[in-house]
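Novice: Okay, predicted coordinates and the sequence, questions at the end:
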Amino acid sequence: MDPHLLRTYVTVARLASFSEAARALGYTQSAVSQHIAALEQDLGAPLLTRRPVAPTAAGERLLEHAGALLLRLDAARADVVRIASAPPHGLTLATSPTALGPAALAALPPAGVTLRVLARDDVPAAVAAGAADVGLVDGLAAPSDPLRLPDVAPLTTHGVGEEPVCVLLPDAHPLARRTGLRLGDLADARWLDAPDTGLPLAQLRAAGGGHGFRPALRYDGVDVRVLTALAAAGHGLAVLPRSAATGVPGAAAVPVVEPRVVHRTELVHAGTPSGAARALVEALSAHA
C-alpha cells in the first residue's frame with residue numbers, strides 16, 4: 001500500500017471533497033482522483049462514494065488503520081533523520097536540576113552532548129519515549145535505598161551517588177548557626193515549594209513524620225540559583241544536596257541530622273545503551 005495514496009485518501013475522507021483535498025495537498029483534482037482510483041484498485045474495494053463524498057464500509061475500516069500507519073511512518077522517518085543528523089558518538093542526557101553532580105559532569109563526552117534539564121518526574125518519561133539516551137534523576141532517600149521513580153516503562157536504574165542534605169535558610173535566621181537540624185522540628189516553618197528544583201515537600205513530609213511542611217511560596221522553575229536566592233531572601237526554607245546548598249550568598253546550609261536521609265542520584269536508561277551513552281553508564285557505575 002503506497003503511503004502517498006493513503007495520505008490522499010485520508011485527506012479526501014476528512015474534507016469530504018476531492019477539490020478541497022487537492023488544494024490542501026497541492027495536487028490537481030485529477031491527480032487526487034487518480035490516487036483514490038489507484039488505491040481502490042490496489043485493495044480491490046471501493047473506498048469512497050462520490051456524491052456525496054463519504055467513506056464506504058471498507059473505507060471506514062481503512063480509516064481505522066490509517067492514522068496509526070501514517071503516524072508510525074512519520075515516527076520512523078523522524079527517527080532515521082535524527083540518527084543520520086546526530087554528531088558521531090552523540091549523547092542526549094536528560095537530568096533534573098540537582099542531579100548533574102561533579103561525577104556526571106566529569107564523565108560527559110567532550111563533544112556531541114545535548115543536555116536537557118527537566119522537571120524531576122519528566123526525566124524517566126523522556127528516556128522511555130526515546131527523547132533522551134540516558135537520564136539522571138534524584139530525590140530524598142534513606143542511605144542505600146533506591147528512589148521511587150514514576151512507573152512509565154521498564155527502565156534500568158543505577159545508583160550513582162549519595163550525599164548529605166542541608167536546610168538552606170537566611171544568615172539572619174535564628175537556626176542558621178546550628179550544627180545540625182531535625183526535620184521534624186521544622187514541620188511548621190515557612191517552606192519553599194519547588195518540586196522540580198529542591199527536594200519535594202512531599203518527600204520531606206514523609207521523612208519528617210507525615211505532617212506539616214506547608215508552602216509559603218511556590219516556585220515552578222528548574223533554576224537552582226532562583227531557589228537559593230528565594231531562600232536567602234527569607235521567602236522560605238528549602239532542603240538541597242550539600243553541594244547545591246553550600247556557598248550561597250546570604251544563606252546558611254545546616255545539615256539534616258534526623259532522620260538519616262541522603263540526596264540520592266540514579267541513572268536511568270532503556271534497553272542496552274551503546275556508544276557515548278554506554279560509556280557514560282559505565283563511567284558513572286564505576287564511580288559509584
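Specialist: Everything's here; your move. Just so it is clear, the structure is predicted and the values come from calculations on it, not from any experiment.
Novice: Pull out the buried residues from stretch 203-218.
Specialist: Under the neighbour-count criterion of 16 or more other Cβ atoms under 10 Å, stretch 203-218 has Q203, L204, R205, A207, G208, G212, F213 buried. Any C-beta I mention is one placed from the backbone N, CA and C, and that applies to glycine too.
Novice: which outside residues touch that stretch?
Specialist: 139-140, 183-184, 186-188, 190-194, 201, 230, 235-236, 239, 259, 261 (Cβ atoms under 8 Å, 6 or more residues apart in numbering).
Novice: gap between V167 and A206?
Specialist: Applying Cβ to Cβ, to the nearest Å, one obtains 16 Å for the distance of V167 from A206.
Novice: residue ranges for the strands of the chain, please.
Specialist: The residue ranges that make up the strands of the chain, judged by DSSP state E, are 48-49, 54-55, 91-95, 113-117, 134-141, 156-163, 165-170, 181-182, 191-193, 215-218, 238-241, 251-258, 262-269.
Novice: ranking these by burial, who's on top?
Specialist: strand 238-241 (a mean of 27; mean count of other Cβ atoms under 10 Å).
Novice: for it, packing partners?
Specialist: In terms of contacts (3 or more Cβ pairs under 8 Å, 6 or more residues apart in numbering; DSSP states H and E), strand 238-241 is packed against strand 165-170, helix 224-232.
Novice: so what pLDDT did the residue located most distally from the centre of the chain get?
Specialist: Ranking residues of the chain by C-alpha distance from their mean position (Cα atoms, centre = their mean) puts R51 at the top, at 48.6 Å. Per-residue confidence at R51 stands at 87 (pLDDT).
Novice: can you give me the helices in the chain?
Specialist: 3-15, 18-25, 29-43, 57-85, 102-107, 122-128, 201-207, 224-232, 242-245, 275-287 (DSSP state H).
Novice: Quick check: buried residues in the second one?
Specialist: In other words, helix 18-25. Buried positions in helix 18-25, judged by neighbour count with 16+ other Cβ under 10 Å: F18, E20, A21, A22, L25.
Novice: got the buried residues for stretch 101-113?
Specialist: G101, A104, A107, L108, P109, V113.
Novice: Could you do stretch 267-277 as well?
Specialist: Residues of stretch 267-277 classed as buried under the neighbour-count rule (16+ other Cβ under 10 Å) are L267, V268, H269, A270, P273, A276, A277.
Novice: end-to-end on that stretch?
Specialist: Using Cα to Cα, to the nearest Å, one end of stretch 267-277 lies 11 Å from the other.
Novice: Repeat that for stretch 108-119.
Specialist: From its first residue to its last, stretch 108-119 covers 21 Å (Cα to Cα).
Novice: Please work out the average pLDDT along that stretch.
Specialist: When the per-residue pLDDT values of stretch 108-119 are averaged, the result is 90.
Novice: In the protein, what helix or strand scores lowest on average pLDDT?
Specialist: Among the helices and strands of the chain, helix 57-85 carries the lowest confidence by mean pLDDT, DSSP states H and E, at a mean of 76.
Novice: Would you tell me which of the helices and strands packed on strand 238-241 gets closest to L71?
Specialist: helix 224-232 (37.6 Å; Cβ to Cβ).
Novice: where are the low-confidence patches of the chain?
Specialist: 75-89, 152-153, 288 (pLDDT under 70).
Novice: Please repeat the previous calculation with a cut-off of 80.
Specialist: Low-confidence regions of the chain, defined here as pLDDT under 80, cover residues 68, 71-90, 129, 150-154, 208-210, 287-288.
Novice: which one is P170 nearest to, not counting chain neighbours?
Specialist: Here the nearest residue to P170 in space, its sequence neighbours aside, is G234; by Cβ to Cβ, 6 or more residues apart in numbering that works out to 4.8 Å.
Novice: Right, I'll leave it there.
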